[in-house]
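Q: Got a predicted model here, sequence first, then my questions.
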Amino acid sequence: MAEPTMNIYSFDIDRENAIGVEAPEANGLAYVERQFISFDELDGVNHRDYKRIERIDPIGIVPEGSAPVLVSVGWADTPGEPMEFGAALPFDAITKRQLDFRSPGRYHGIRIEYEGFHNIRIVGLEIEISLGGKRGHAESRG
């Protein structure tokens with residue numbers, strides 16, 4: 001996470017000797033996270049099958065000049081174990097719209113992070129999934 005910057009908090013233009021007060025930036029990291037998505041409701045999928053998230057295409061609006069939205073994918077073999085998230089990939093809706101992942105697991109998580117002050121809108125995700133084997137036979141995660 002980036003170090004906080006200093007911004008002018010208040011400024012009085014009615015006074016001859018206006019005073020500005022510096023304070024740490026108020027906007028911190030904001031995120032939305034969904035864990036333990038099974039994708040078992042897909043046609044032809046056995047609940048014991050490993051699924052692999054190959055690609056995510058976020059659908060939304062990120063104003064030009066704002067900080068990138070970061071998307072990461074997590075995985076777990078059972079609902080009782082902690083979800084392990086991989087490296088976050090940037091999405092800006094202009095030049096970087098398709099995010100490639102390789103995250104096989106029985107359960108998945110998706111985290112969307114933003115550390116900016118612009119209003120962004122993520123209205124949906126297109127997710128490409130492939131089957132990746134049975135429990136106990138998962139290929140290495142990349």
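A: Yes, it's here. None of the values given here were measured: they were computed from a predicted structure.
Q: Okay, and the residue nearest the centre of the chain sits in which element?
A: Taking Cα atoms, centre = their mean, the centroid of the chain lies closest to residue 112, which sits 2.2 Å from it. In this structure, residue 112 is located in strand 107-114 according to DSSP states H and E.
Q: Show me what counts as buried in the next helix-or-strand element following that strand.
A: The helix or strand immediately downstream of strand 107-114 is strand 121-134, counting by DSSP H and E. Within strand 121-134, the residues scored as buried using 16 or more other Cβ atoms under 10 Å are 122, 127, 132. Placement of C-beta: from N, CA and C, glycine included.
Q: Which residue is the nearest non-sequential neighbour of the first one?
A: Going back to what we said before, that points to residue 122. Leaving aside its chain neighbours, residue 122 sits nearest to residue 60 (3.8 Å; criterion: Cβ to Cβ, 6 or more residues apart in numbering).
Q: Sort the buried residues of strand 121-134 by pLDDT and name the bottom one.
A: Here the lowest pLDDT out of the buried residues of strand 121-134 sits on residue 132, with 71.
Q: Brilliant, that's me finished.
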